[in-house]
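Asks: Give the three-dimensional model of this entry:
(2 chains)
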Amino acid sequence: MSSLKNNGLRINQLHVAYQNGQLALGEMSLTLPEHGIYTVIGPSGSGKSTLLRAIAGLLPGYEGELLFNGRSVHDKDTLIGLVPQNYGLLPWKTVKDNIGIAMRIARPDGAGRGRREQDRQIMHWLESMGIAQLAGRFPLSLSGGQQQRVAIARAFAILPTLLLLDEPFSALDAITREGLQQIFIDNWQAHPATTLFVTHDVEEAILLGQKIIIMLPGQQEPPEILDNATVFAMKHSQKRESDEYFEQTKRIRKVMMEKW
Amino acid sequence: MVKRRHFIHLLRLLLVFAGMNALWYVAYLLMNHAILPSPGAVYKAMFQLGAHDVALNVGYSLMRITEGVLLALLLGLLAGLLMGRSPFWNRILDPVVYLTYPIPKIALLPVVMLFFGLGETSKVLMIMLILLFQVIISVRDGVKAIPESTYDVLTSIGASTMQKFWNVTLPGALSVILSTIRISLGTAISVLFFTEIYGTEHGMGFFIMDAWLRLDYPEMYAGIMLFSLVGFVLFLLVDVLDYRFMKWRR
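Replies: Numbers count the residues shown, from 1 in each chain, chains lettered A, B, ... in the order given. Okay, the predicted model is just below:
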């Protein structure tokens, strides 16, 4: 059935090996519908980052198929918005220029927009992340949370077909993280790009994903996939208090206890 | 506040300068010999030099330095970037650099003179040779020091090699390039002096040696002062570049 349904991101029998032949990512297959958001959780070394890097085109080689709407994800038509764990901002460019250069490279045709229109869009994204006042600053003068907001603003600003986030909030303190999760999900709901969100935080996986992909250590078994539609449909601020949220936590913890 | 700090900085520089002149004056009094004229006599000689004469000599020296530095930067950047980004080229060029780096380049002066004559070419080439290896090595190390992950986001949105070069490699290596220029400018000026004592009738080196031959010591010292001033201005220029391009580090 899946060969006919080519709507969204299709990962088909993907596996990645290191140069010495050891597996970095065991075989996995997955279909993420267009405009969906799945979270990926797993112990270190289970291949979470490798999965994202393979999709982002940062790995020289992998086996298997990576398709978006039936075409290779490395096609010109599939634009990838990557938010790395270390924010990936260019320290020698201001916040505004960091976003501007990504927009110019991602969409060289510019869709007929001039400098002024681009500036307007950058300011719009910075405002929606609540950091409009930082436009002229350099990344090294910003806090981790502020840099991460810039990185997310940049990823949204190029209007990606695929949004990939690699433990974006892991280096932040709990309060900053919760604030950013709220901002992120608000922005995502306004612009629902097809999203894979890698995290090592069980809470975050439940709060942000329609489905939760639980990677297993050892690269032998395929990941377990947990449906999370009920929690996802709730208002973000109420998710934490709900019974379903606790149920999901328990389910994930059970998998962690048995398999990790 | 900033203005005030600048003012204090300037004041301190002036005080140090005045102090050095005072020491010089004391040495002059102690020696009491024609080979060390008083500061006053040297400054007088300096202001008696024709503006045209000074401009011509300083201009020639600056031109040679600029040509040499630009040439070294151009070739050094090319080789350094190649070695920094491509393991293949690094394997080929690294032994070359490793074997040629310890050769005292100034010892090649007679060779360069034999091959390229006594004119401008040999002077510019000498400066270039002295700087080239330092530029290559520092650019290579600067490029290698840029973490691979810096390129990730641009790679994932399909940036071309040129786009990555302009937006990541060059700005990332610029700080080492600037500090290399700063260090090698001193060397370049010394080498310039050597090359200007032959085959030319213009340039600061010629001017100083000419005054020395004529036993005109005040003018010789005036030449040395002017030469130093040229070096000082070049250093300021690098500082300005640093201020302009390295804002992000503050």
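Asks: avg pLDDT for the helix or strand containing A:Glu65?
Replies: Element membership of A:Glu65 [criterion: DSSP states H and E] is strand A:63-68. Averaged across strand A:63-68, pLDDT comes to 88.
Asks: what helices or strands is that strand leaning on?
Replies: Strand A:63-68 sits against strand A:9-17, with contacts defined as 3 or more CB pairs under 8 Å, 6 or more residues apart in numbering or on different chains; DSSP states H and E. For every residue, glycine as well, the C-beta is placed using N, CA and C.
Asks: following the strand it packs on, which helix or strand comes up?
Replies: Next helix or strand after strand A:9-17 toward the C-terminus (DSSP H and E): strand A:23-32.
Asks: who in chain A is up against chain B?
Replies: A:56-58, A:76, A:79-82, A:84, A:86, A:88, A:90-94, A:101-102, A:105-106, A:138-141, A:154, A:158, A:164 (CB under 8 Å from any CB of the partner chain).
Asks: Could I get the buried residue list for the one helix or strand B:Val143 maps to?
Replies: Per DSSP H and E: B:Val143 is located in helix B:120-144. Under the neighbour-count criterion of 16 or more other CB atoms under 10 Å in any protein chain shown, helix B:120-144 has B:120, B:122-140, B:142-143 buried.
Asks: do the same with stretch A:72-92
Replies: Within stretch A:72-92, the residues that count as buried by 16+ other CB under 10 Å are A:73, A:78-90, A:92.
Asks: Tell me which residue is most central in chain B.
Replies: Closest to where the C-alpha atoms of chain B average out (CA atoms, centre = their mean) is B:Leu185, at 1.6 Å.
Asks: for the nearest residue to that residue once chain neighbours are set aside, what are its contacts?
Replies: Excluding the flanking residues, the one nearest B:Leu185 by CB to CB, 6 or more residues apart in numbering or on different chains is B:Leu234, at 5.5 Å. B:Leu234 makes contacts with B:Ile65, B:Leu185, B:Ile189, as judged by CB atoms under 8 Å, 6 or more residues apart in numbering or on different chains.
Asks: now the first one: how far from B:Ala188?
Replies: Yep, that's B:Ile65 we're talking about. B:Ile65 sits 6 Å away from B:Ala188, going by CB to CB, to the nearest Å.
Asks: shared neighbours of those two, which are they?
Replies: Counting by CB under 8 Å, 6+ apart, the shared contacts of B:Ile65 and B:Ala188 are B:Ile127.
Asks: and the nearest residue to A:Asp201 once chain neighbours are set aside, which of the three is it?
Replies: Spatially, and ignoring its direct neighbours in sequence, A:Asp201 is nearest to A:Ser170 (7.1 Å; CB to CB, 6+ apart). What DSSP: H, G, I helix; E, B strand; the rest coil gives for A:Ser170 is coil.
Asks: Can you report how many residues lie near the closest residue to A:Asp75 other than its chain neighbours?
Replies: Counting by CB to CB, 6+ apart, A:Phe68 is the residue found nearest to A:Asp75 once chain neighbours are left out, at 7.4 Å. For A:Phe68, the count of nearby residues is 24 (other CB atoms under 10 Å in any protein chain shown).
Asks: surely A:Phe68 meets A:Leu162?
Replies: Yes: assessed by CB atoms under 8 Å, A:Phe68 is found in contact with A:Leu162 at 6.4 Å.
Asks: what touches both of those two?
Replies: Taking CB under 8 Å, 6+ apart as the contact rule, A:Phe68 and A:Leu162 both touch A:Leu9, A:Thr78, A:Thr194.
Asks: Going by distance to chain B, which of these wins?
Replies: Closest to chain B out of the shared contacts of A:Phe68 and A:Leu162 is A:Thr78 (9.5 Å), distances taken as CB to the nearest CB.
Asks: Surely that closest one touches A:Leu162?
Replies: Yes: under the criterion of CB under 8 Å, A:Thr78 makes contact with A:Leu162 at 6.1 Å.
Asks: what is in contact with those two at once?
Replies: A:Phe68.
Asks: can I assume B:Ile197 sits in a strand?
Replies: No: counting by three-state DSSP, B:Ile197 is not part of a strand but coil.
Asks: Contact partners for it?
Replies: B:Gly205, B:Phe206, B:Met209.
Asks: Among those residues, which are located in helices?
Replies: B:Gly205, B:Phe206, B:Met209 (DSSP state H).
Asks: Please report the number of neighbouring residues for the first one.
Replies: By the measure other CB under 10 Å, the count of residues near B:Gly205 is 26.
Asks: need the next SSE after the helix ranked longest in chain B, C-terminal direction.
Replies: In chain B, taking DSSP H as the definition, the longest helix is helix B:51-85. As assigned by DSSP H and E, the chain's next helix or strand after helix B:51-85 is helix B:87-100.
Asks: what comes into contact with stretch A:56-71?
Replies: With contacts defined as CB under 8 Å, 6+ apart, stretch A:56-71 is touched by A:6-17, A:25, A:27, A:34, A:50, A:53-55, A:72-75, A:77-78, A:80, A:82, A:161-162, A:164, A:194, B:152, B:155-156, B:158.
Asks: starting at the chain centroid, how far to that stretch?
Replies: 16 Å (CA atoms, centre = their mean, to the nearest Å).
Asks: Just the buried positions in that stretch, please.
Replies: Going by neighbour count (16+ other CB under 10 Å), the buried part of stretch A:56-71 is A:Ala56, A:Gly57, A:Leu58, A:Tyr62, A:Leu66, A:Leu67, A:Phe68, A:Asn69.
Asks: May I have the distance across that stretch, first residue to last?
Replies: One end of stretch A:56-71 to the other measures 14 Å (CA to CA, to the nearest Å).
Asks: Just the closest of the contacts of B:Ile197 to B:Asp53, please.
Replies: For B:Asp53, the closest of the contacts of B:Ile197 turns out to be B:Phe206, at 11.5 Å, with distances computed as CB to CB.
Asks: Excluding chain neighbours, what is closest to the closest one?
Replies: Excluding the flanking residues, the one nearest B:Phe206 by CB to CB, 6+ apart is B:Glu196, at 4.9 Å.
Asks: Just give the number of residues close to that neighbour.
Replies: Using other CB under 10 Å, B:Glu196 has 24 neighbouring residues.
Asks: Who are the contact partners of A:Tyr87?
Replies: The neighbours of A:Tyr87, taking CB under 8 Å, 6+ apart as the test, are A:Pro139, A:Gly144, A:Gln147, A:Gln148, A:Val150, A:Ala151.
Asks: In chain A, what residue spans correspond to strands?
Replies: For chain A, applying DSSP state E gives strands covering A:9-17, A:23-32, A:37-41, A:63-68, A:71-72, A:80-83, A:162-166, A:194-199, A:211-214, A:224-227.
Asks: counting contacts, what elements does the last one pack onto?
Replies: In terms of contacts (3+ CB pairs under 8 Å, 6+ apart), strand A:224-227 is packed against strand A:211-214, helix A:243-259.
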